[in-house]
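Student: I would like to see how this sequence folds:
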Amino acid sequence: LQNRAPTLKPPPPYYDARRDAVMCAVGATFGPHGWVIPPLRMELSEALRTLTAPGQRGAFQSVDETYRWFGRYLLEGKVIDGTQSLKDCLNDAPAIITRKKPLKKVALLMAELKRGGVDCRKSLRRYWAEKDDKFLVKCLKGWVRKEKEKEVKDMWKNAVKNSVELWKSGVC
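Tutor: Numbers count the residues shown, from 1 in each chain. Next up, the predicted model:
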């Protein structure tokens, strides 16, 4: 009897570290009369998979939204331990990723995340551990202020190393 609508409701999507997922709120109704109930919280990837019909996406601009929001929170330092100060070293706020402005560095980051199928911490750790521990390094260079390159290089290297160790020890 409960129905979900493909419309985002405030607040905007956010990263939930406990669930390791980008979460969103979607409109919902109940019963045959369509009574409006408070928005439902669900994983953005699930919302995109179940609520978007071809040609009718509602508030969702693309099925790639999960990568866009994950990329933002990754650069904000909310996904990987040891990267919390990353956003202070960037030449642009990571929020530009979700403003949908066509910037080359945003497009490169989104393409890499999508190519790697990386939209959560678990898949990022797995990619680093099993495929390429340099994944995203080239994309990151376009985001970092020149005077912060060494600091970010060291921060990123340590974060990747720790993530790979956690993955290999069975911690997702």
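
Student: can you confirm residue 148 is in a helix?
Tutor: Yes: with DSSP: H, G, I helix; E, B strand; the rest coil as the criterion, residue 148 is located in a helix.

Student: That one contacts residue 89, doesn't it?
Tutor: Yes: contact criterion C-beta atoms under 8 Å: residue 148 and residue 89 qualify, at 3.7 Å. Where C-beta positions appear, they are placed from N, C-alpha and C, glycine not excepted.

Student: So the two - more neighbours on which side?
Tutor: Each of residue 148 and residue 89 has its neighbours counted (other C-beta atoms under 10 Å); residue 89 has more, 20 against 17.

Student: Next, work out how far apart the more buried one and residue 104 are.
Tutor: 19 Å (C-beta to C-beta, to the nearest Å).

Student: Ok, residue 95 next?
Tutor: 17 Å.

Student: got it, and residue 118?
Tutor: 20 Å.

Student: what does residue 87 give?
Tutor: On the measure of C-beta to C-beta, residue 87 and residue 104 end up 20 Å apart.

Student: Give me the packing partners of whichever strand or helix holds residue 28, helices and strands only.
Tutor: If you go by DSSP states H and E, residue 28 is part of strand 21-30. In terms of contacts (3 or more C-beta pairs under 8 Å, 6 or more residues apart in numbering; DSSP states H and E), strand 21-30 is packed against strand 2-8, strand 14-16, strand 35-43, helix 44-51, helix 65-75.

Student: In this protein, where is pLDDT below threshold?
Tutor: Applying pLDDT under 70 to the chain flags residues 1-9, 51-61, 63.
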